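Asker: requesting a structural model of the entry that follows:
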Amino acid sequence: CDGIELNFGCPHGMSERGMGAAVGQVPEYIEMVARWCKQHSRMPVIVKLTPNITDIRYPARAAMKGGADAVSLINTISSIVSVDLDNFAPMPTIDGKGSHGGYCGPAVKPIALNMVAEIARDKETHGLPISAIGGISTWRDAAEFIAMSAGTVQVCTAAMTYGFRIVEEMKSGLARWMDEKGYATIEDFRGRAVPNVTDWQYLNLNYVTKAHIDQDLCIKCGRCYAACEDTSHQAIMKEKDGKRHFEVIDAECVACNLCVEVCPVQDCITMVRMTEGTDPRTGRKIEPSYANWTTHPNNPMALKAAE
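Answerer: Coordinates of the predicted model:
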């Protein structure tokens, strides 16, 4: 055995018996048990964290205070995935009953990336080694977690789906990408994305962009129009000169990126920055200077503070 991983993350079965997430949701317990393990073991101790908590930084800090050598995250998310509409019981069922389980796989990757980032950029846990878990299925997934400071990654659902061979494919893909970028080891890019993660209020509100549809690439499926018209800002026209035509109305576009996300054609819709002139939506002059929400004139608290 090369180390101990304390499973403080399991949301079902173990938590009902006072283990797993029942421990991981109480920072004081995490610190206490981690300290016990460090006192009575010569091996590295990794604390596996539960995502079923409001702020992942608190259990990570507790693990560090308890002397843990690293943290791993995330474990699965407490969930009910479906309901049998004939038996009216959660799926899967046992003797007509069902319970919550742990949700995993590609769908949890964004949650895992965010939680890894929160620990990586927290001043109190800065430098704490992280083993990333959560929806890692390709070499790109692995590279993204490493760029967010993970020193290792763990794969489970993808191995269940494709077998252990998926790991070899991930290794070869990562190696090719690193060669293309000129990276000799993962340390050459590990953590490089962390400084670029910020809180919303510090984003540059003077950075004005508009969606642009490449008419040569557009297949006229209309998904961008439907998304924008029905759920966003009605900023895309669907007809021009009596013909089916999709084009962004700059005077309505707020740069929400929704059309980019729903478009099935890569690079057909891109966000283009405006560097001069006037924003046709707000009527304001494009300012090259940086202004975030804490200083922006649209913020009534900023105006009040200035007074």
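
Asker: which residues touch the one residue sitting closest to the centre of the chain?
Answerer: Taking Cα atoms, centre = their mean, the centroid of the chain lies closest to residue 110, which sits 2.6 Å from it. By Cβ atoms under 8 Å, 6 or more residues apart in numbering, no residues touch residue 110. For glycine as for every other residue, the C-beta is placed from the backbone atoms N, C-alpha and C.

Asker: distance check, it against residue 64.
Answerer: Taking Cβ to Cβ, to the nearest Å as the measure, residue 110 falls 25 Å from residue 64.

Asker: and the strands in the stretch 151-300 of the chain?
Answerer: Counting by DSSP state E, counting those that start in this stretch, the stretch 151-300 of the chain has strands at residues 152-154, 208-213, 236-240, 243-248, 269-274.

Asker: and among those strands, the most buried is which?
Answerer: Most buried of the strands of the stretch 151-300 of the chain, by mean neighbour count (mean count of other Cβ atoms under 10 Å): strand 208-213, with a mean of 20.

Asker: walk me through which strands it pairs with, and which way each runs.
Answerer: When pairs are called by DSSP bridges, strand 208-213 turns out to pair with strand 269-274 (antiparallel).

Asker: let me see the contact set for the nearest residue to residue 259 once chain neighbours are set aside.
Answerer: Spatial nearest neighbour of residue 259, excluding adjacent residues (Cβ to Cβ, 6 or more residues apart in numbering): residue 224 at 3.9 Å. Contacts for residue 224 (Cβ under 8 Å, 6+ apart) come out as 213, 236, 246, 259, 262-263, 269.

Asker: hmm, 10 Å instead?
Answerer: 211, 213, 218, 232, 235-236, 238, 246-248, 258-264, 268-269 (Cβ atoms under 10 Å, 6 or more residues apart in numbering).

Asker: same check on residue 269?
Answerer: Listed by Cβ under 10 Å, 6+ apart, the contact partners of residue 269 are 211-214, 217-218, 223-224, 236, 246, 248, 257-263.

Asker: who touches residue 139 in this structure?
Answerer: The contact partners of residue 139, taken as Cβ under 10 Å, 6+ apart, are 166, 169-178.
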